[in-house]
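A.B. asks: curious how this folds, go ahead:
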Amino acid sequence: VQLQASGGGLVQAGGSLRLSCAASGRTFSNYRMGWFRQAPGKEREFVANIDWSGSTTYYADSAKGRFTISRDNAKNTVYLQMNSLKPEDTAVYYCAAAKYGSVYDVWGQGTQVTVSS
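C.D. replies: Numbers count the residues shown, from 1 in each chain. Predicted coordinates:
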């Protein structure tokens, strides 16, 4: 599977963005999907993930209550709806796929999210 993230941009604090990650290949539904982010000068961190069926999701504390991960297996796409954005959410956001457990071995190219105060 190959991944292509999109939907990033510049938004004011309190605003919203929806990131999309389109996957190529017929086995998308076999993968757990995750979103990660990396801010300048910081390590990449986990944001959220979703199991193959979309029934189980998990969020980092920083994302709980503000971000929602979802997937549409018919469209081979995973989404990250981000609401109430804060300047500290500024980062490059990456989608990733894990075929076994939580070992993410396929990564997209990243999309920049910038939140102005």
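A.B. asks: residue 37 should be in a strand, yeah?
C.D. replies: Yes - counting by DSSP: H, G, I helix; E, B strand; the rest coil, residue 37 is located in a strand.
A.B. asks: longest strand of this structure, counting residues only.
C.D. replies: Taking DSSP state E as the assignment, the strand of the chain that covers the most residues is strand 91-100.
A.B. asks: just checking: what are the partner strands of that one?
C.D. replies: Partners of strand 91-100 in the sheet, by DSSP bridges, are strand 32-38 (antiparallel), strand 103-107 (antiparallel), strand 111-116 (antiparallel).
A.B. asks: and for it, what's in contact with it?
C.D. replies: Applying CB atoms under 8 Å, 6 or more residues apart in numbering, the contact partners of strand 91-100 are 1, 3, 5, 8, 19, 21, 23, 28, 30-39, 42, 44, 47, 49, 78, 80, 104-113. (C-beta placed from N, C-alpha, C; glycine too.)
A.B. asks: buried only: go through those for me.
C.D. replies: Buried by 16 or more other CB atoms under 10 Å: 1, 3, 5, 8, 19, 21, 23, 28, 31-37, 47, 49, 78, 80, 104, 106-108, 110-111, 113, out of the contacts of strand 91-100.
A.B. asks: circling back: among the strands paired with strand 91-100, which gets the worst mean confidence?
C.D. replies: Note on those: strand 103-107 shows the lowest mean pLDDT, a mean of 93.
A.B. asks: low-confidence stretches in this protein?
C.D. replies: Scanning the chain for pLDDT under 70 picks out nothing.
A.B. asks: quick one: the strands in this protein, in order.
C.D. replies: 2-6, 9-12, 17-24, 32-38, 45-50, 57-59, 67-72, 77-82, 91-100, 103-107, 111-116.
A.B. asks: just how off-centre is the last one within its chain?
C.D. replies: It stands for strand 111-116. 13 Å (CA atoms, centre = their mean, to the nearest Å).
A.B. asks: pretty sure residue 19 sits against residue 35.
C.D. replies: Yes - the criterion here is CB atoms under 8 Å, and residue 19 meets it with residue 35 at 7.0 Å.
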